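here is the input, now give the coordinates:
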Amino acid sequence: MSVPTTEPGLRERKKAATRLSLHEAALRLALEHGPDRITVEAIADDAGVSRRTFSNYFANKEEALFYGQHQRMREMAEMIRARPATEPAWQALTAAAAEFYSAQGDLDPEWTARTRLMRRHPSLAAAQMQTFAAMEREVAAEVAVRLGHSEDPSGVRATLMAATFLSALRVALSAWLLHPADSTYWEVASEALAEAGRGYTAR
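Here you go, the predicted structure:
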């Protein structure tokens, strides 16, 4: 008997819904009680699933908390990858960022509150750095393809460009969070990318 072709899609949608529900529960509880005071059991209970189900999706509460940020970074990485192959590396990065934030709209108040929460708790720093490190590797790999071995035989330039790109976005976020009413995040970020990219735009 043949298996319906729609079943894998339905299964994946259910998994994605459960993963998102756990992520949202983790963030909700962290905002209410602080990330240091929540447990995996509390997150699972809030999402209406078992502790075992939680473990099928996330290794720990930090992974659940940073899932949304990880997804946003993956979306941006895909946009970078989709840029024309002949486009210079830094131009591709900044164009992808512009496309990403145009599609997202400006950062919503809830996302801003969550970002402030993450920044107030040093215990989350290690998980946050792992997320950024993974994104940096993805961006560096794409940049390396665009530069080619002849221009960047050691891979140092690609890694440095990726780190500069992501650092500019993080610096812009820190600056924007101080005065969010004065401008949109992308206005600050585009200025930061223009400044950071001065050494790369000639390539």
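
please count neighbours and contacts with C-alpha atoms only from this point.
Will do.

dump the residue contacts of Arg144.
Small correction: residue 144 is Ala, not Arg. 152, 155, 158 (CA atoms under 8 Å, 6 or more residues apart in numbering).

which secondary structure element contains it?
Ala144 belongs to helix 125-151 when assigned by DSSP states H and E.

so how do I select the buried members of the contacts of Ala144 in ChimeraX?
Only the buried members of the contacts of Ala144 enter the following ChimeraX selection, criterion being 16 or more other CA atoms under 10 Å:
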select :152,155,158
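
any idea which of the contacts of Ala144 is the one closest to Arg74?
Here the nearest of these to Arg74, counting by CA to CA, is Ala158; it sits at 18.2 Å.

find the residue at the geometric middle of the protein.
Centroid-nearest residue in the chain, with CA atoms, centre = their mean: Met73, separated by 2.8 Å.

and that one, how far from Leu166?
Distance, Met73 to Leu166, using CA to CA, to the nearest Å: 10 Å.

so who does Tyr57 touch?
Contact analysis of Tyr57 by CA under 8 Å, 6+ apart lists Arg19.

any idea how far it lies from Glu187?
36 Å.

and what of Ser55?
Per CA to CA, Ser55 is found 40 Å from Glu187.

residues of stretch 60-70 that come out buried?
So, applying 16+ other CA under 10 Å, buried residues of stretch 60-70: 61-68, 70.

wait, which of those residues is closest to Ala103?
Gly68 (16.0 Å).

who does whatever helix or strand Met161 lives in touch, helix- and strand-wise?
For Met161, the host element (DSSP H and E) is helix 156-178. Applying 3 or more CA pairs under 8 Å, 6 or more residues apart in numbering; DSSP states H and E, one finds that helix 156-178 contacts helix 125-151, helix 185-196.

quick one, phi psi at Arg74?
Per-residue torsions, Arg74: phi -60, psi -40 (degrees, to the nearest 10).

contacts only, for it.
Met135.

now Arg83. Its backbone dihedrals?
The phi/psi pair for Arg83 (degrees, to the nearest 10) is phi -70, psi 150.

quick one, domains of this structure?
Following automatic domain parsing, the chain resolves into domains at 1-58, 65-199.

quick check: mean pLDDT of the shortest one?
Which is domain 1-58. Mean pLDDT, domain 1-58: 86.

same question for stretch 82-92.
94.

list the buried residues of that stretch.
Buried residues in stretch 82-92 (16+ other CA under 10 Å): 83, 88-92.

with just CA atoms, put it into CSV.
Output in CSV follows, covering the C-alpha atoms of stretch 82-92 (Å, rounded to 0.1, in the frame of the first residue of the first chain):
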residue,chain,number,x,y,z
ALA,A,82,20.6,33.5,-3.2
ARG,A,83,22.4,36.7,-4.2
PRO,A,84,23.8,36.7,-7.8
ALA,A,85,27.1,34.8,-8.0
THR,A,86,28.9,37.6,-9.7
GLU,A,87,28.0,40.2,-7.0
PRO,A,88,31.0,41.2,-4.9
ALA,A,89,31.0,39.7,-1.5
TRP,A,90,30.5,42.7,0.7
GLN,A,91,27.8,44.0,-1.7
ALA,A,92,26.0,40.7,-1.5
